[in-house]
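>>> Need coordinates for the below:
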Amino acid sequence: VNSSFPRSPRGAVKIARVLVAFVTFLCFAASRSPGAFTALAAMELAITGLFLLLYLLRLDQQLSGLLWPLADIFNSVIAALFLLIVCLFAVIIKTNNGTLAGGVFGLVLLVLCVVDAVLLFQKMSFGGPRGRTTPAK
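Predicted coordinates for the structure are as follows:
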C-alpha cells in the first residue's frame, strides 16, 4: 500500500473528487433527478474510486501494459466535458433544490477534474531527457 499517495497533491485531489462525486450523486438521487444526472455522478464516483485504488495499491506499477497516467488524464478530460454539459443543464432547469445542489457540486467536481488533469500532465514526460549510458562528447 502506498501510504504517501493520500498526502500528495494528486492523492488529495483524487480523494476530493471521490467525496464531491459522492455528494453530487446523493443530491441527484435524493431529488429524483433524471437518470442521466444520477448516472453521470455514479460513473464518476466509480471510475475515480477505481483510479484511487489503483494508485493506492500501486497496481499501476505492476500492470505496466497501459500508460495509466495517460488513461487517467483522458478520464479527467472526458469527465470534465460531460460534467460541464450535464451540470450546467441541471443548474439551468433546477426542477428542485436537490437538482440545483447536485449541479453546483457537479461544477465543483468539474474544477477538480481539470486540476487533476493538469497535475497528471505535469507529472508525465513525453520525450523528456533520457538517461545516457555513455558520456556526451
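>>> what's the closest non-adjacent residue to residue 98?
Among residues not flanking residue 98 along the chain, residue 31 sits closest, at 2.3 Å (Cβ to Cβ, 6 or more residues apart in numbering). C-beta coordinates here come from the backbone N, C-alpha and C atoms, glycine included.
>>> How is the protein divided into domains?
The chain breaks down by the TED database into domains covering 10-62, 66-126.
>>> now whichever strand or helix holds residue 122, how far from the centre of its chain.
Assessed by DSSP states H and E, residue 122 sits inside helix 97-123. The chain centre lies 8 Å from the centre of helix 97-123; the measure is Cα atoms, centre = their mean, to the nearest Å.
>>> pLDDT (mean, whole number) over that helix?
The average pLDDT for helix 97-123 rounds to 93.
>>> Also stretch 56-68?
Mean pLDDT, stretch 56-68: 86.
>>> Might you calculate how far that stretch sits from the centre of the chain?
17 Å.
>>> buried set for that stretch?
Neighbour-count burial for stretch 56-68, with 16 or more other Cβ atoms under 10 Å as criterion, is recorded at 56, 60, 68.
>>> now the second one: how far from residue 50?
It stands for residue 60. Distance, residue 60 to residue 50, by Cβ to Cβ, to the nearest Å: 11 Å.
>>> now do residue 16
Per Cβ to Cβ, residue 16 is found 16 Å from residue 50.
>>> Over to residue 106?
To residue 50, residue 106 is 20 Å away according to Cβ to Cβ.
>>> before we move on, back to that, any chance of a markdown table for the domains of the chain, columns distance to residue 3?
What follows is these, written out as a markdown table (distance: least, Cβ to Cβ, whole Å):
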| stretch | distance to residue 3 |
| --- | --- |
| domain 10-62 | 9 |
| domain 66-126 | 19 |
